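**Student:** Below are the sequence and a predicted model; questions follow.
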Amino acid sequence: MKKENIPFMVIAVISSIGIFIMLFILFFLIKEGLPVLKSVSLKGILTGTDWYPTETPPALGMLSLIVGTITVTILSSVLALPISLFIAIFISEIASRRARSFLKPILELLGFLPSIILGFLGMVVIAPWLQERFNILSGLNLFNASLLLGILVIPIVGSLAEEALSAVPKELRDASFALGATRWETISKVVFPAALPGILSACLLGIMRGMGETMVVLMAAGGAALVPLSLFDPVRPLTSTIAAEMGETPVGSPHYHALFFAGLILLCITLVINILSSWIENKRKVQAS
């Protein structure tokens, strides 16, 4: 074997192992999740709003869990993504080199903040404040969980978006300035569009991070399997449901299989988001060409 083929073989083996692991996870979710359809129909799972898995017979409607997952993800993204992009633009295009060398490591360090700490702050600080400020029954609700998830997402999206902006060649900026463009015109019409694929990837990763988060929503979302009608209604996303109930569920029961089916639904949601993102990116490339 030639020496130059060794790195290729190593990369191929590692990649194959990663693909195998992902296929195994998918197979395991399908194997353990689909048996729930023997106890309840797919329509009943996707459209039912009653989640009482310990009753006889169990009520395994997951619509409220799915809606809770989607609403928490959307609201946290609405709160976090604009702030993340403004931070990325400031660090990459406006801040001085000295300020950039200080702010970028701080932003990256914030990304390692344990989610359980944020959940604890949501329970003991934000929840009482919301309850007193808005005169609501409980501060553990959709808004509390979304706010904390947004704080968790900001460092990830901001750091990756800053790297995408910094990767834009300096020649593009110089050419824009040479044509008489202002700094803001250069950022908005030259640098940002050039870095848009990387920025979209950063936003997608942040959305996935928020959707897959467990501890924050488990501690701060309220834990009620309800379809939220306002920002201050408690919710119970799929991730917190799996984390809270799996440890006390009898193996092989309909409840057990329903939790694995919930994981399969979560996987399908992330797949749909990835496909939609790829479609938008490909459509933009076609329009650009």
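**Tutor:** Structure's in. What do you need?
**Student:** where do the helices sit along this structure?
**Tutor:** Assigned by DSSP state H, the helices in the chain fall at 6-33, 42-47, 63-89, 97-110, 115-121, 127-134, 142-166, 170-178, 183-186, 192-194, 196-212, 215-220, 238-245, 254-288.
**Student:** And stretch 178-195, end to end?
**Tutor:** Taking C-alpha to C-alpha, to the nearest Å as the measure, stretch 178-195 stretches 20 Å from start to finish.
**Student:** Report the residue spans of the stretch 1-150 of the chain with pLDDT below the cut-off.
**Tutor:** 1-4 (pLDDT under 70).
**Student:** at 80 what do you get?
**Tutor:** 1-6 (pLDDT under 80).
**Student:** Leu226 is nearest to which of the helices of the chain?
**Tutor:** When those are compared by C-beta to C-beta, helix 63-89 sits nearest Leu226, at 5.5 Å. For the C-beta atoms, the positions are set from N, CA and C on the backbone; glycine is no exception.
**Student:** Counting neighbours, which bits of the closest one end up buried?
**Tutor:** Buried residues in helix 63-89, counted by 16 or more other C-beta atoms under 10 Å: 63-69, 71-73, 75-77, 79-81, 84-85, 87-89.
**Student:** one step back: turn the helices of the chain into JSON lines, columns for distance to Ser230.
**Tutor:** Converted to JSON lines, these look like this (distance: least, C-beta to C-beta, whole Å):
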{"stretch": "helix 6-33", "distance to Ser230": "32"}
{"stretch": "helix 42-47", "distance to Ser230": "22"}
{"stretch": "helix 63-89", "distance to Ser230": "11"}
{"stretch": "helix 97-110", "distance to Ser230": "30"}
{"stretch": "helix 115-121", "distance to Ser230": "22"}
{"stretch": "helix 127-134", "distance to Ser230": "10"}
{"stretch": "helix 142-166", "distance to Ser230": "8"}
{"stretch": "helix 170-178", "distance to Ser230": "45"}
{"stretch": "helix 183-186", "distance to Ser230": "38"}
{"stretch": "helix 192-194", "distance to Ser230": "35"}
{"stretch": "helix 196-212", "distance to Ser230": "20"}
{"stretch": "helix 215-220", "distance to Ser230": "16"}
{"stretch": "helix 238-245", "distance to Ser230": "19"}
{"stretch": "helix 254-288", "distance to Ser230": "23"}
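**Student:** Burial-wise, tell me which of the ones you listed comes out on top.
**Tutor:** Highest mean neighbour count among the helices of the chain (mean count of other C-beta atoms under 10 Å): helix 215-220, with a mean of 26.
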